Structure formats: structure tokens, C-alpha cells
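Undergrad: only geometry, no sequence info:
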């Protein structure tokens, strides 16, 4: 029997005593609680990782090429036309 998904918005993790002591020292220095400290730093790290993964650095030459292609896109080839024809009709 499949288990029902339960979202209790909780997360557990195991850490060594020395790691917890380090976190608690930082928590005390920032005058916050452990949940806010860990969550704030984890969310900041997650945003940074996502931003870095979604950012595509381009040289000036590549940027100009992208702009040119956006302004003057190439004509669709046979594969693209076939894919478009295979799409279900729009509602």
C-alpha cells in the first residue's frame, strides 16, 4: 500500500557535538535562534547556487550574436516544422 505524502514542514539532521557547539556559538553571537540561523544561511546558499547555475556568462561577441539571432531568427528547418505540426491543437 503506497504511503500518503505528509508535509509537516520539518527537517531533521544529525550533527556531531562539535558541529552543534560551533553553530550555537554563532547563534549566540548573532543573537538569534538555531532554526533562524541555519535556515537563513541555507536559503542564502541555495539562492546563490541557483543563481550561479542559471547564469550564463557570455563574451561580448557571443552577446552580440544572441541579440542578432533574436532580432533575425533563422528560418525553421524541417525537423522544427514537423515538431510544430505534431503538437496538439491549442485550446
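TA: Great, that's in hand. Just so you know, these numbers come straight off a predicted model, no measurement behind them. Numbering: from 1, shown residues only.
Undergrad: for the protein, which helix is longest?
TA: Looking across the chain with DSSP state H, the single longest helix is helix 34-54.
Undergrad: what's next to that one, contact-wise?
TA: With CB atoms under 8 Å, 6 or more residues apart in numbering as the contact definition, helix 34-54 has outside contacts at 23, 24, 26, 27, 30, 32. C-beta coordinates here come from the backbone N, C-alpha and C atoms, glycine included.
Undergrad: how far off centre is that helix?
TA: On the basis of CA atoms, centre = their mean, to the nearest Å, helix 34-54 sits 10 Å off its chain's mean C-alpha point.
Undergrad: same deal with stretch 77-91?
TA: 30 Å.
Undergrad: tell me how far the residue nearest to the spatial centre of the chain lies from residue 59.
TA: Nearest residue to the geometric centre of the chain (CA atoms, centre = their mean): residue 50, 3.4 Å. Residue 50 sits at a distance of 23 Å from residue 59 (criterion: CB to CB, to the nearest Å).
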